[in-house]
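Student: Okay, sequence plus prediction incoming.
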Amino acid sequence: MGDDGRVAGRSAKKQTVRNMILSLAVIIPVAVVSYVFIPHDEGNDPVKTVSYRVELDTARRAAPYPVAAPVGLPEGWRATSVSYDGGGKEGAAWHLGFLDPKKQYVAVEQSNGPAAAFIDDVTQQAAKTGKTERVDGATWDRYEGEKYDALVRRENGVTTVVTGTAPHEQLTRMAAALKAEKTKPDTNPDARNSA
């Protein structure tokens, strides 16, 4: 009878050790996966910078208007999003989003669709103030809203909007940096090869 107690005690200890090892076998992989895939603050910026050169070139070939993008922005501006939709409900729509050096959002939006609906959408319902501003010889209308402020220019059937959470000076800086171009599509690719 005394031996049965020792055997039962050893069996219980073996079962406890076995359960602990099995538990660790489950917990360790879960902890590793959690560490790798769940964001944790190590001073890294979670916002990724994007390169937009290819999208810009493509949009400039495809869009029915000169597509605007900044040239010569000061250091610290980072592109964070880019898109071109050639057949959306708001016409051919170009979007290029940035963070300024203080991590405030500034976007360049363009469309040849209905201006009022487009402006309302991209400015998050900002309202026209009745004030205008001259930037590099062009007149921009000022808009203010709860979320975004904006500068808006309508010219030759195209609406260009510089909008975001950044202060007005940064919106003006972006508007001043914009250069609008239209790239003609290659109509004769053989001519390029023979040159």
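Tutor: Alright, I've got the coordinates. Worth saying up front: this structure is predicted, and the values here are computed from it rather than measured.

Student: Please make it C-alpha for all contacts and neighbour counts, starting now.
Tutor: OK.

Student: Could you double-check that Ala68 lies in contact with Thr183?
Tutor: No: Ala68 is beyond contact range of Thr183, at 11.6 Å (criterion: Cα atoms under 8 Å).

Student: Looking only at neighbour counts, state which of these two leads.
Tutor: Just comparing Ala68 and Thr183: by other Cα atoms under 10 Å the higher neighbour count belongs to Ala68, 23 against 16.

Student: In terms of residue numbering, what are the domains of the chain?
Tutor: Following automatic domain parsing, one finds the domains of the chain at 1-38, 53-181.

Student: got the ones you listed as JSON lines, with mean pLDDT and distance to Val47 columns?
Tutor: As requested, those are arranged in JSON lines below (pLDDT from 0 to 100; distance: least, Cα to Cα, whole Å):
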{"stretch": "domain 1-38", "mean pLDDT": "66", "distance to Val47": "15"}
{"stretch": "domain 53-181", "mean pLDDT": "95", "distance to Val47": "7"}
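
Student: which stretches of the chain form helices?
Tutor: All helices of the chain, identified by DSSP state H, fall at 2-37, 53-62, 115-122, 168-177, 189-194.

Student: now the spatially most central residue of the chain, nearest residue through space, not along the chain?
Tutor: The residue lying closest to the centre of the chain (Cα atoms, centre = their mean) is Ser81, at 2.7 Å. Distances taken as Cα to Cα, 6 or more residues apart in numbering place Gly97 nearest to Ser81, at 4.8 Å, with adjacent residues excluded.

Student: doesn't Ala79 make contact with the one you found?
Tutor: Yes: using Cα under 8 Å, Gly97 is in contact with Ala79, at 5.8 Å.

Student: Does anything pack onto the longest strand along the chain? Which helices or strands?
Tutor: Longest strand in the chain, counting residues (DSSP state E): strand 78-88. Packed against strand 78-88 by the contact rule (3 or more Cα pairs under 8 Å, 6 or more residues apart in numbering; DSSP states H and E) you find helix 53-62, strand 91-99.
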